[in-house]
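J.: What would the 3D arrangement of this be:
(one chain, ligands or ions: 1)
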Amino acid sequence: MSDFFEEADRTLVEGRAPDLEVPREMCVLEGPGEPCVLVIFGASGDLAGRKLLPALWNLYLQGGLPQAFAILGCARTPMTDETFRAYTRELLESAGMLKGSRWEGFSRLLHYRVLDYGDPAAFKTLGSDLDALDREARTAGNRIFYLAVPPGIYAWTAELLGSSGLSGEDSNGVGWSRIVVEKPFGHDLESAEQLDGILHRYFREHQIFRIDHYLAKETVQNILMFRFANAIFEPLWNRRYIDYVAVTAAETLGVEHRADYYEEAGVLRDMFQNHMMQLLTLTAMEPPSIFEAERVRDEKAKVYRALRPFPVDRLDEYLVLGQYGPGVLDGREVPGYREETGVSPDSLTPTFAMMRVFLDNWRWQGVPFYLTSGKRLQAKRTEIAIAFKQVPHSMFRQVLGEHISANRLVLGIHPEERITLTFQTKNPGAKVCLRTVTMDFNYHQNYTGPVLEAYEKVLIDCILGDQMLFWRQDGVELCWSFLTPILHRCETCGNRAERLLRYPAGSWGPDQAHQLGPVLASLGDGH
Ligand code: NDP
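T.: Okay, here's the model as predicted:
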């Protein structure tokens with residue numbers, strides 16, 4: 001403990017983090033994995049262009065891909081291998097990522113097939129193409145099928161893969177097949193179960209990788225390390241010492257070019273069913289006996305099971321929904337949600353939500369968790385704030401009054417990847433008064449090794465077959481069981497329009513949210 005305070009003291013005095021010697025060999029890439037072909041359905045689309053292809057390029061540069069590897073882009077857009085390579089090159093160039101002389105090597109990994117999803121025979125041909133690619137690239141019959149297509153055709157694509165014999169696995173472990181599914185995993189509980197039924201008709205659970213790229217962010221992975229690799233926080237991590245927890249994911253972006261999807265989804269399906277629930281779980285879960293995918297996911301499932309059913313007949317006491325109107329963000333006028341391209345002028349889709357939830361278990365009984373997410377808010381920020389209780393007795397009452405600000409621990413996820421602990425010290429000088437100071441740890445300070453972007457980590461884990469950062473079906477269904485009654489109530493209640501509160505773009509959401517709880521606890525909102 002004394003070292004801790006010495007380092008803390010240095011941080012405060014000198015304004016820098018302790019000199020942490022990172023043992024390099026413990027933190028490099030885990031290895032390139034087995035040979036395989038990555039098939040990207042929807043290779044002409046936004047996700048493939050903005051995330052997957054750049055991530056693969058970066059992995060290639062860092063030596064993170066298998067020695068024998070090929071990428072097969074598939075979509076309806078007519079392209080040849082050559083035009084797909086030129087398309088990828090242009091993407092990387094315009095993103096300022098094309099550096100060095102290694103493009104030629106990477107481009108040889110890229111292949112393309114035009115695919116007609118309406119024609120089952122096309123998937124038979126795909127199978128023959130993959131066999132040929134296996135022989136050429138020595139990829140041993142191992143395949144990853146990445147569904148970067150609109151969610152409406154996940155089930156159909158899985159069905160075609162299965163019925164064409166592409167989902168089968170060799171019993172001796174050579175020639176494996178994995179399917180990667182992007183969120184959303186269904187629209188509600190029923191559709192999630194239906195999708196799962198089709199996936200499981202052809203693939204077994206260990207073959208299915210349900211992505212939540214939030215989980216692959218370094219700072220999100222760090223939550224479990226922070227909690228369970230230190231002895232000093234865990235004893236305080238419960239209802240006796242914690243007043244509330246606020247999980248916030250604030251975006252400045254509006255709906256951008258994804259209006260079709262967002263109009264159907266809204267903020268609850270887009271953010272709460274996946275990312276917010278994962279952040280809640282990592283904060284609240286018990287330590288597994290070992291850091292292994294199934295054990296970690298078992299503990300997560302217990303948190304979802306502990307979610308207190310939402311009192312849907314008293315929504316206003318627990319939930320605030322909002323939709324952004326026109327406003328000013330970063331000095332620029334921006335339109336309201338209903339004025340965005342592709343959005344209905346009388347849309348009732350929420351773009352903001354704050355929800356107060358409770359976990360009915362021994363550790364968390366009575367502690368509110370405030371989950372908040374919204375578009376077009378004042379700043380882009382994702383964080384988890386742990387607000388501790390006030391000291392039980394103030395011996396400074398005569399001079400300072402009853403109120404002493406409570407300690408606060410903030411796990412910054414984005415853009416500030418840092419951990420800050422706020423506490424009270426004496427203000428220097430003759431007069432007795434306190435000041436609030438923070439001890440600050442910047443996640444990347446004193447580290448110079450490789451840093452993986454979320455999609456790079458996701459792709460590596462798919463190649464390695466590591467399920468740790470992916471959703472398991474029981475988790476998906478438990479979350480939908482919690483959210484579906486809320487969605488149903490919100491979408492069918494008579495006063496739906498009145499319940500949807502307008503907030504100006506560039507603000508911190510509707511005023512009513514600030515009455516329900518802290519929107520961004522690190523800024524010092526009370527509740
Ligand atoms: P797009 O709308 O860009 O679609 C991807 C590709 O799918 C298109 O280029 C198109 O290629 C093909 N496609 C479109 N409609 C159909 C159809 N009816 N049948 C067959 N193919 C079709 O989607 P995104 O790339 O934005 O997203 C892909 C998936 O990833 C979605 O499920 C999305 O929810 C998810 N996701 C996306 C994120 C993002 O940042 N974009 C973030 C997180 C998840 P072609 O016409 O050439 O066949």
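
J.: which residues does residue 420 bridge with?
T.: Under DSSP bridges, the beta-bridge partners of residue 420 are residue 410, residue 440.

J.: quick one, helices of the stretch 201-350 of the chain?
T.: Applying DSSP state H, counting those that start in this stretch to the stretch 201-350 of the chain gives helices spanning 218-228, 259-267, 277-284, 293-306.

J.: Single out the most deeply packed of those.
T.: Comparing these on average neighbours per residue, with mean count of other Cβ atoms under 10 Å, the densest one is helix 277-284 at a mean of 24. In this view, the C-beta of every residue, glycine as well, is placed from N, C-alpha and C.

J.: Now tabulate the helices of the stretch 201-350 of the chain in TSV and tack on distance to residue 456 and mean pLDDT.
T.: Shown next, in TSV, are the helices of the stretch 201-350 of the chain (distance: least, Cβ to Cβ, whole Å; pLDDT from 0 to 100):
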stretch	distance to residue 456	mean pLDDT
helix 218-228	11	92
helix 259-267	24	94
helix 277-284	19	97
helix 293-306	19	97
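
J.: closest one to residue 119 among the ones you listed?
T.: Ranking the helices of the stretch 201-350 of the chain by their distance to residue 119 (criterion: Cβ to Cβ) puts helix 259-267 first, at 24.8 Å.

J.: quick one: that closest one to chain centroid distance?
T.: Centre-to-centre, helix 259-267 and its host chain are 18 Å apart (Cα atoms, centre = their mean, to the nearest Å).

J.: Contacts only, for the residue lying closest to residue 319 once chain neighbours are set aside.
T.: Closest residue to residue 319 apart from its sequence neighbours, by Cβ to Cβ, 6 or more residues apart in numbering: residue 355 at 5.2 Å. Residue 355 is in contact with 272, 318, 319, 370, 371, 372, 486, counting by Cβ atoms under 8 Å, 6 or more residues apart in numbering.

J.: For residue 381, give its distance to the ligand.
T.: Taking Cβ to the nearest ligand atom, to the nearest Å as the measure, residue 381 falls 19 Å from the ligand.

J.: buried set for stretch 201-209?
T.: Within stretch 201-209, the residues that count as buried by 16 or more other Cβ atoms under 10 Å are 202, 203, 207, 208, 209.

J.: If you could redo that for stretch 242-260, that was the one I meant.
T.: Counting neighbours by 16+ other Cβ under 10 Å, one finds that the buried residues in stretch 242-260 are 242-252, 254-255, 259.

J.: In strands only, show me those residues.
T.: Members of the buried residues of stretch 242-260 lying in strands (criterion: DSSP state E): 242, 243, 244, 245, 246, 247, 248, 249, 250.

J.: which of the residues you listed come close to the ligand?
T.: Among those, no residue lies close to the ligand (Cβ under 6 Å from any ligand atom).

J.: Let me know the closest of these to the ligand.
T.: Of all these, the ligand sits closest to residue 249, with 13.8 Å by Cβ to the nearest ligand atom.

J.: now that closest one, which residues is it bridged with?
T.: Taking DSSP bridges, one finds residue 373, residue 382 as the beta-bridge partners of residue 249.

J.: how close does it sit to residue 382?
T.: Plainly put, residue 249 is 5 Å away from residue 382 if you go by Cβ to Cβ, to the nearest Å.

J.: Quickly list what's touching both of those two.
T.: residue 279.

J.: what does the stretch 151-300 of the chain have sitting close to the ligand?
T.: For the stretch 151-300 of the chain, the contact set with the ligand under Cβ under 6 Å from any ligand atom comprises 151, 153, 182, 183, 261.

J.: Between the helices of the stretch 201-350 of the chain, which one is closest to residue 510.
T.: Across the helices of the stretch 201-350 of the chain, residue 510 has its closest neighbour in helix 259-267 (12.5 Å, Cβ to Cβ).

J.: and the direction of the closest one versus that of strand 242-250, what angle?
T.: 170 degrees (axes from the mean of the first three to the mean of the last three Cα atoms, to 10 degrees).

J.: Please work out which residues outside helix 259-267 touch it.
T.: For helix 259-267, the external contacting residues (Cβ under 8 Å, 6+ apart) are 150-151, 184, 187, 255, 270, 321, 340-344, 347, 349-353, 373-375.

J.: Give me the subset of those lying in strands.
T.: 321, 352, 353, 373, 374.

J.: Just among the residues you listed, which is most surrounded?
T.: Neighbour counts for the ones in strands among the contacts of helix 259-267 (other Cβ atoms under 10 Å) peak at residue 352, which has 31 neighbours.

J.: wait, doesn't it sit right on residue 319?
T.: No: counting by Cβ atoms under 8 Å, residue 352 does not reach residue 319; the two are 11.0 Å apart.

J.: Apart from its chain neighbours, what residue comes closest to the residue in the stretch 101-250 of the chain positioned nearest to the ligand?
T.: Nearest residue of the stretch 101-250 of the chain to the ligand (Cβ to the nearest ligand atom) works out as residue 182 at 3.6 Å. When the adjacent residues along the chain are set aside, residue 182 lies closest to residue 211, with 5.4 Å between them (Cβ to Cβ, 6+ apart).

J.: In the sheet, which residues pair with that neighbour? Tell me.
T.: Bridge pairing for residue 211 - DSSP bridges - gives residue 470.

J.: what's around it, how many residues?
T.: Residue 211 is flanked by 24 other residues according to other Cβ under 10 Å.

J.: Just the pLDDT at it, thanks.
T.: Looking at residue 211, its pLDDT stands at 94.

J.: which two in the ones in strands among the contacts of helix 259-267 are spaced the farthest apart?
T.: Longest span within the ones in strands among the contacts of helix 259-267, Cβ to Cβ: 321 and 373, 11.2 Å.

J.: closest one to residue 325 among the helices of the stretch 201-350 of the chain?
T.: Across these, residue 325 has its closest neighbour in helix 259-267 (15.3 Å, Cβ to Cβ).

J.: Run through the residues that contact the nearest residue to residue 201 once chain neighbours are set aside.
T.: Nearest non-adjacent residue to residue 201, counting by Cβ to Cβ, 6+ apart: residue 162, 6.3 Å away. For residue 162, the contacting residues are 201, 202, 203, by Cβ under 8 Å, 6+ apart.

J.: As JSON lines, the residues you listed with distance to residue 236 would be great.
T.: Below are those laid out as JSON lines (distance: Cβ to Cβ, whole Å):
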{"residue": "201", "distance to residue 236": "47"}
{"residue": "202", "distance to residue 236": "47"}
{"residue": "203", "distance to residue 236": "43"}
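
J.: Redo those residues as a markdown table? Include pLDDT and distance to residue 281.
T.: Below are the contacts of residue 162 laid out as a markdown table (pLDDT from 0 to 100; distance: Cβ to Cβ, whole Å):
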| residue | pLDDT | distance to residue 281 |
| --- | --- | --- |
| 201 | 96 | 28 |
| 202 | 96 | 29 |
| 203 | 96 | 24 |
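
J.: which one of those residues sits closest to residue 364?
T.: Using Cβ to Cβ, residue 203 comes nearest to residue 364 of the contacts of residue 162, at 35.0 Å.

J.: Hmm, residue 181 and the closest one touching each other?
T.: No: assessed by Cβ under 8 Å, residue 203 is found out of contact with residue 181, at 9.8 Å.

J.: Residue in this protein with the shortest distance to the ligand?
T.: Nearest to the ligand in the chain, going by Cβ to the nearest ligand atom, is residue 45, at a distance of 2.3 Å.

J.: ok, now which ones touch that residue?
T.: For residue 45, the contacting residues are 75, 148, 149, by Cβ under 8 Å, 6+ apart.

J.: Tell me the most packed of these, by neighbour count.
T.: Using other Cβ under 10 Å as the neighbour criterion, residue 149 leads these with 23 neighbours.
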